[in-house]
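Asker: Mind folding the following:
(chains A, B and C)
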Amino acid sequence: MSKVLMKGNEAVAKAAINAGCRLYFAYPITPQSELIEYMAKMMPTVGGTFLQAESEVAAINMVYGAAGAGKRVMTSSSSPGISLKAEGMSYLAGAQLPCVIINVQRGGPGLGDIQPAQGDYFQATKGGGHGDYRLIVLAPSSVQEFADMASEAFDLADKYRNPVMILADGMLGQMMEPVDFKPAKTDQEIEAMGHQHESWCIHPNQDGDLKHHHEINSLEIDPVVLEKHVTKLYEKYAQIEANETRHELYNINDDNEILVVAFGTASRVVRSAVDELNAEGKNIGLFRPITVWPYPYEELAKCIGPRVKQVYVFELNTGQMVEDVKIAVNGKVPVNFWGRVGGMVFTPEQIKEKLQACF
Amino acid sequence: MEVIATRPKSLRDVPFTYCPGCTHGIAHRLIAESIDEHGLINKMAGVAPVGCSVFAYKFFNFDMAEAAHGRAPAVATGIKRARPDMHVFTYQGDGDLAAIGTAEIVHAANRGEHISVFFVNNAIYGMTGGQMAPTTLPDMKTTTSPYGRKVDDIGYPIRVCELLDTLVAPYYIERVSLLSGPDIIKAKKAVSKAIQYNKEGRGFTFIEFVSTCPTNWGIEPVKALVWAKENMLPFYKPGVFRDKGAPE
Amino acid sequence: MPRMTVDPYYCKGCGLCISVCPKKIIRFSENINAKGYHYAECFNQDACIACKMCYNICPDVAITVEK
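Answerer: Numbering: from 1, shown residues only, chains lettered A, B, ... in the order given. Predicted coordinates for the structure are as follows:
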């Protein structure tokens, strides 16, 4: 397979179509409008449905309907639009519906700006919508990874009957990098996939009357029943936590003096700074979570080597993932944080300066 | 001896949770009968709202989805686009359709989605205890308009059929009432037509039912029908707004 | 012989059927159902003409009409 030079927003859209997604509902918002435009052009060419909804609220509810009908369906938006989807995401999780939601984050809060940020980490991993639920959240750091996560997200969503969010940002959405695309699913594979959820989804009765009455629903008016339902959801989440954390280790060894933690676009900048400092004789390790829910707490804790004096967290926000890092570190060593916000992205020089000050 | 009228197959053997004398149950029956008569029970999917009819997903004998408040037309759009071989309807009340869901119904109608929307208008919010609705009549007292709906302050009721009739795409729009035997028989014809058009894939169909809410109006069921006839029908006039399938 | 039957399981004693019956042969039963409603019952099946007006207006679909 030869590589294609592609913009992140378009690459993930192409990958989603390759993964067998044939339904896409969304609303334009910068910096992900190229995603919706790509879908508008390409979905009809594969016989899929593209629909520009009247709002992000309508879009997430269309996703709810199509997911309830057991088909692979996706939406995408950026921070303010994801806030609009909060209700829908809570309902999707409560009704246990598989789907993929892409957040190409921008500066916030409020209308903010259109530059890259990581300010929606809390919203993505700690709730966002009301009630007790979790989304599986994948955080890519390259266009290739962003594209690969499309099929991974759908597979996880189908496996666990849960919404999956890909937490990207404006940088990843806009930049162009070479991508190796997985082969597209064939029509037969997609047809087979369309039957995988028939034990619970809305679908026609095949032979004869009244074979099933399926309810796509998150309402349980009896608290005894609702408690059982939420408990069941959390048993599912415990399984996901046990089996689905993903992370990347970069220069982790027993001689690390500092352990740096960063995700997404931030991790790329940090990696450049770490490379420069290590070339100058330092020994800094980088831990990159790839799933930010479930968070790889244990794997991170294992990386605190015997000579690590502190853990340093860099994010494009005022300090969100750092709280999860503190849970993992559990007081073993001090945890520092530095970030930039408002759509400003730090540079390797700035990171290098912060790390040098530790020595 | 043969049975000439009994519970339709498209209704489950589950007692409705509606108040005694509430016309919701009549609307449910008309829809269920029509689905039976048009042989659609194996291919039907309905979307329940938030409101008194939130439990509609328990009452119909085919696959149902419960939607977030106001979002049923969007959910129905998702289901129909995912399974075009199925036939989809939504069932919504005043708050669901004419307040929080205004955008969703206007745009689903405007896109001409191949769904049927059944709108129960009883000029009040039932489930939450009798608050004002967008369809509450001028000067009508509710728990959130205790001095009566003051039109100078918060405007007039919304007539949804008239509103949707300004759009190009909708195929069939009719307002009916459930306020007397003959009215219900007429309403049945409208519902049956909407389901038939749905079956034939003709486009967006919309039926508004002028209904009662005995409990929150504080009027007993039989008298509530009379009150509605006298007070609601002058403002919400029954009639066919458009029927693209009617002979010229 | 035409007859109308009310299933007490569904009836909520709303009285709509009583108000529309042209033969005036429906009344509230002295008995109550499990929910405590005095359900409707036909007290003179011989006079029933199977017009279905009761079935037509019953909001709980509690009525069966036979002919």
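
Asker: Pull the contacting residues for residue 43.
Answerer: Going with chain A. A:17, A:22, A:24, A:49-50 (C-beta atoms under 8 Å, 6 or more residues apart in numbering or on different chains). (Each C-beta comes from the backbone N, C-alpha and C, glycine too.)

Asker: um, chain C though
Answerer: C:25-27.

Asker: nearest to chain B, of those residues?
Answerer: Nearest to chain B among these is residue C:26, at 12.7 Å by C-beta to the nearest C-beta.

Asker: Excluding chain neighbours, what is closest to that closest one?
Answerer: Once flanking residues are discounted, residue C:26 sits nearest to residue C:18: 4.7 Å by C-beta to C-beta, 6 or more residues apart in numbering or on different chains.

Asker: Would you mind pulling up the elements that the helix or strand harbouring that neighbour packs against?
Answerer: For residue C:18, the element it lies in under DSSP states H and E is helix C:16-20. In this structure, helix C:16-20 makes packing contacts with helix B:221-231, strand C:26-28, helix C:53-57, judged by 3 or more C-beta pairs under 8 Å, 6 or more residues apart in numbering or on different chains; DSSP states H and E.

Asker: need these in CSV with mean neighbour count, can you?
Answerer: Listed next are the helices and strands packed on helix C:16-20 as CSV, based on neighbours: other C-beta atoms under 10 Å in any protein chain shown:
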stretch, mean neighbour count
helix B:221-231, 18
strand C:26-28, 18
helix C:53-57, 25
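
Asker: Export these to CSV and append columns for distance to residue B:155 and mean pLDDT.
Answerer: Below are those laid out as CSV (distance: least, C-beta to C-beta, whole Å; pLDDT from 0 to 100):
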stretch, distance to residue B:155, mean pLDDT
helix B:221-231, 18, 97
strand C:26-28, 43, 98
helix C:53-57, 34, 98
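
Asker: Could you say which one of the ones you listed comes nearest to residue C:7?
Answerer: Of all the helices and strands packed on helix C:16-20, helix C:53-57 sits nearest to residue C:7, with 11.6 Å by C-beta to C-beta.

Asker: And residue B:44, how far from residue A:133?
Answerer: Applying C-beta to C-beta, to the nearest Å, the value for residue B:44 to residue A:133 is 30 Å.

Asker: So if I had to pick from the two, which one is more boxed in?
Answerer: Legend: neighbour count by other C-beta atoms under 10 Å in any protein chain shown for residue B:44 and residue A:133, higher for residue B:44 (26 against 22).

Asker: What strand or helix carries the residue nearest the centre of chain B?
Answerer: Against the mean C-alpha coordinate of chain B, by C-alpha atoms, centre = their mean, the closest residue is residue B:119 at 2.1 Å. In the assignment (DSSP H and E), residue B:119 maps to strand B:115-121.

Asker: so the residue of chain B found nearest chain A is in which element?
Answerer: Closest residue of chain B to chain A, C-beta to the nearest C-beta: residue B:78 (2.4 Å). Using DSSP H and E, residue B:78 maps to helix B:72-82.

Asker: now the closest residue to chain B within the stretch 251-359 of chain A, which residues is it bridged with?
Answerer: Nearest to chain B, among the residues of the stretch 251-359 of chain A, is residue A:293, at 22.7 Å (C-beta to the nearest C-beta). Under DSSP bridges, the beta-bridge partners of residue A:293 are residue A:137.

Asker: Before we go further, residue B:21 is sitting in a strand, right?
Answerer: No: read with DSSP: H, G, I helix; E, B strand; the rest coil, residue B:21 is coil and lies in no strand.
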